[in-house]
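Asks: sequence and predicted structure are below.
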Amino acid sequence: SKYRKCADTVGTVLGRYHPHGDASVYDAMVRMAQDFSLRYPLIDGHGNFGNIDGYPAAAYRYTESRMNRLSYSMLDDIKKDTVNMLPNYDDRLEEPEVLPVRFPQLLVNGSSGIAVGMATEIPPHNLGEVIDAMCCLIDNPEADLPELCEHIKGPDFPTGGIIMGRSGIRAAYATGRGKIIVRGKAEIEETKNGKLRIVITEIPYKVRKKDLVKHIYDLAAEKRIEGIDDVVDYSSSRDGGMRIIVDIKRDANPQVVLNKIYKNTALQSTFGAILLAIVNGKPQILTLKEMLQNSIDFQYDIIRRRTQFDRNKAAERAHILEGLKIALDFIDEVIAIIKKSKDSLSDSQKTSIELSAKNWATDNMMELPEDGKCICVSLRTLQAGGYADLEVKDPKTGDPMDVIVTITRDEKMLLYEVDSNCLGTCKAY
């Protein structure tokens, strides 16, 4: 799709779904386009959408955006009654209660928010690891936390970093609360002239690079950290991303300086994980297994409703094809009626050949609209018994109607569909 002005999108959201301030809408939109805020960005931004230094995005009259492939996939099958639709604020339109997402968006991109007496802080995770854990839980519903942790090693922050220890991860996954210590990635290098320096290439999640550089420089200037000669930010998106250089004096120990930087700056930070989510309208603190199980149950319900929708459509099409078969059985009478008709067929003419069809065309093709498509039969090529291959199938998968009915009734097949959809999403993204 083409890029559209963010002002247009913000205005549409305000007018149709969210009649509040424009700042909250645009801020959420900007965050969904930042690759340092979301592990998997949902919006393809064009223009200045801010940076990791903390500089804000340009005003929405200057920026443009569009949905990316991942966000488009979050709307798959939304028109197939997969989720409940609610009236918007003025009862003029309908909006989905939730989106029929095929992967655990809450775990993959995380969430952060506060409310009255509660807060949530869910770290982002790797999509492939989360999908593997879901498939493991589908195959073995009795899987315990160690088995799930074989697939999900820990959070996967978009800015990188190194997680120190596993106790915080285990506590967060087992109880829903935990403190995860994250360090930036730093290496000690030797220059051509023999001097040593510290090179920082990754920083903890939600740390502003500009503030970190300034803090290190101020600590060196105040002599709170001795041995630092200079601090320069060489970061560039063109030259490999983040690169902060801390030059070390010749008489200083670079490892001691690095340890002091970890201790006194945000290069080592604590991420307080709180896995709080809304379950059936109520806020709950969940374990990792409970979050995955809720995601599986949600996918199960989506596929069940989608399959039921396809089944109903297939039943309607079966009714249409029955009429088509009747028409083919009495094809001579049908052609005679069509020849005599100047315009469209009258009700009495339709009734006379006992058709349960409508809007037959008078050309050499008989057309029947169905969801924007047509079932067409060439009058020139019709032969006795030529309708033997007419069969009711799912228009998307090609499955016969009996397979569709079986899926709606068989729990194992529904879970197999959940597994297949998850693996398909993992391979695609």
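Replies: Yep, that arrived.
Asks: confirm that residue 89 sits in a helix.
Replies: No - counting by DSSP: H, G, I helix; E, B strand; the rest coil, one finds residue 89 to be coil, located in no helix.
Asks: backbone dihedrals for it, please?
Replies: Dihedral angles of residue 89 (phi, psi; degrees, to the nearest 10) stand at phi -60, psi -30.
Asks: which non-adjacent residue is nearest it?
Replies: The spatially closest residue to residue 89, leaving aside those adjacent along the chain, is residue 19, at 5.6 Å (Cβ to Cβ, 6 or more residues apart in numbering). Heads up, the C-betas are built off the backbone N, CA and C, glycines and all.
Asks: how close does residue 321 get to residue 327?
Replies: 10 Å (Cβ to Cβ, to the nearest Å).
Asks: the two: who's more crowded?
Replies: Legend: neighbour count by other Cβ atoms under 10 Å for residue 321 and residue 327, higher for residue 327 (22 against 18).
Asks: re earlier: next, the residue nearest to residue 89: secondary structure please.
Replies: Three-state assignment for residue 19 (three-state DSSP): coil.
Asks: next one: residue 425
Replies: Here residue 425 is recorded as helix under three-state DSSP.
Asks: can you tell me how far it is from residue 419?
Replies: Distance, residue 425 to residue 419, using Cβ to Cβ: 11 Å.
Asks: same question, residue 216
Replies: Taking Cβ to Cβ, one finds residue 216 at 48 Å from residue 419.
Asks: which of the two has more neighbours?
Replies: Each of residue 216 and residue 419 has its neighbours counted (other Cβ under 10 Å); residue 216 has more, 24 against 17.
Asks: then the more buried one would be within a strand, right?
Replies: No - counting by three-state DSSP, residue 216 is not part of a strand but helix.
Asks: quick one: residues contacting residue 246.
Replies: By Cβ atoms under 8 Å, 6 or more residues apart in numbering, the contact set of residue 246 is 197, 198, 199, 200, 216, 228, 230, 231, 257, 261.
Asks: need the per-residue pLDDT for residue 349.
Replies: pLDDT for residue 349: 48.
Asks: swap in the one 3 residues further on?
Replies: The predicted local confidence for residue 352 comes out at a pLDDT of 47.
Asks: spit out the contact partners of residue 144.
Replies: The contact partners of residue 144, by Cβ under 8 Å, 6+ apart, come to residue 289.
Asks: the one 4 residues further on too?
Replies: Under the criterion of Cβ under 8 Å, 6+ apart, the contact list for residue 148 reads 133, 136, 137, 173, 288, 289, 292.
Asks: so which helix or strand takes in residue 328?
Replies: Per DSSP states H and E: residue 328 is located in helix 288-329.
Asks: so which elements touch that helix?
Replies: helix 105-108, helix 127-139, helix 145-149, helix 167-175, strand 276-279, helix 401-409, helix 411-428 (3 or more Cβ pairs under 8 Å, 6 or more residues apart in numbering; DSSP states H and E).
Asks: try 7 Å this time
Replies: helix 127-139, helix 145-149, helix 401-409, helix 411-428 (3 or more Cβ pairs under 7 Å, 6 or more residues apart in numbering; DSSP states H and E).
Asks: out of those, deepest packed?
Replies: Mean neighbours per residue, mean count of other Cβ atoms under 10 Å, is largest over the helices and strands packed on helix 288-329 for helix 127-139, with a mean of 21.
Asks: thanks a lot, see you next time.
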